[in-house]
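In: any chance you can model this:
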Amino acid sequence: MADRNKPITKGETAPDFTLKDQFGKDFKLTDYKGKKVLLSFHPLAWTGICTDQMKSLEKNYKNFAALNTVALGLSVDAVPTKKAWSDNMKLKHLKILSDFWPHGQVAKAYGLFREQGGTSERANVIVDEKGKVAWVKVYKISQLPPIDEVIEVLKKL
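Out: Presented below is the predicted three-dimensional model:
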């Protein structure tokens, strides 16, 4: 996976990856061809806005399923951190992936790694059913991504 200096853009093939979820199980992006995949990047677990971001994905699990979409959270935190955080948030459906090692490799491949601080940007990337990037939005680190915006985009795809 090559590092990028700027965020991935609509129409590009989404770089494939395999990351562990909070339960230590592999998630491979290309295994989900035929579905849309929402990659919701967040800087770090256990922070207020990141927690709200993941809870909004969990709360909208059925909406995503109805739109043939798998929503995922991604950050550079290690699997045990993801597991403890997931348990604390009482997640039942949402997979939160660990981009811990090689550190931030997926964030780098998508052009969403912040060298200063060593975290990802706060961003949403929608990968379509054929593995192409359909939508990308990078938010201010201090901004909670509006879930309604993401759902409206998914409805149009």
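
In: contacts and neighbour counts: CA atoms only from here.
Out: Noted.

In: which residues in the protein form helices?
Out: 48-59, 61-66, 79-89, 105-109, 147-156 (DSSP state H).

In: relative to helix 48-59, how tilted is the third one?
Out: Angular relation of helix 79-89 and helix 48-59 on a 0 to 180 degree scale: 70 degrees, by axes from the mean of the first three to the mean of the last three CA atoms, to 10 degrees.

In: against which helices or strands is helix 79-89 packed?
Out: Under the contact criterion of 3 or more CA pairs under 8 Å, 6 or more residues apart in numbering; DSSP states H and E, helix 79-89 touches strand 95-98.

In: chain center to the strand it packs on: distance?
Out: Chain-centre distance of strand 95-98: 8 Å, with CA atoms, centre = their mean, to the nearest Å.

In: by contact count, what packs against that strand?
Out: Counting contacts by 3+ CA pairs under 8 Å, 6+ apart, strand 95-98 packs against strand 18-20, strand 69-75, helix 79-89.

In: average pLDDT for that strand?
Out: The predicted model assigns strand 95-98 a mean pLDDT of 98.

In: what does it contact?
Out: With contact meaning CA atoms under 8 Å, 6 or more residues apart in numbering, strand 95-98 is reached by 19-22, 27, 71-79, 82, 86.

In: circling back to that earlier point, buried deepest among the helices and strands packed on strand 95-98, which one?
Out: Of all the helices and strands packed on strand 95-98, strand 69-75 has the most neighbours on average by mean count of other CA atoms under 10 Å, namely a mean of 24.

In: hang on, residue 54 packs against residue 74?
Out: No - Residue 54 lies out of contact with residue 74 (CA atoms under 8 Å); the separation is 9.6 Å.

In: distance of residue 3 relative to residue 106?
Out: Distance of residue 3 to residue 106, computed by CA to CA, to the nearest Å: 9 Å.

In: hmm, I was thinking of residue 42
Out: The spacing between residue 42 and residue 106, counted by CA to CA, is 12 Å.

In: got it, and residue 138?
Out: 15 Å.

In: okay, these two: which has more neighbours?
Out: A count of neighbours by other CA atoms under 10 Å puts residue 106 above the other of residue 138 and residue 106, at 28 against 15.

In: who's the closest spatial neighbour of the more buried one, skipping the chain neighbours?
Out: residue 99 (6.4 Å; CA to CA, 6 or more residues apart in numbering).

In: likewise residue 153?
Out: Leaving out its chain neighbours, the residue that sits closest to residue 153 by CA to CA, 6+ apart is residue 135, at 7.9 Å.
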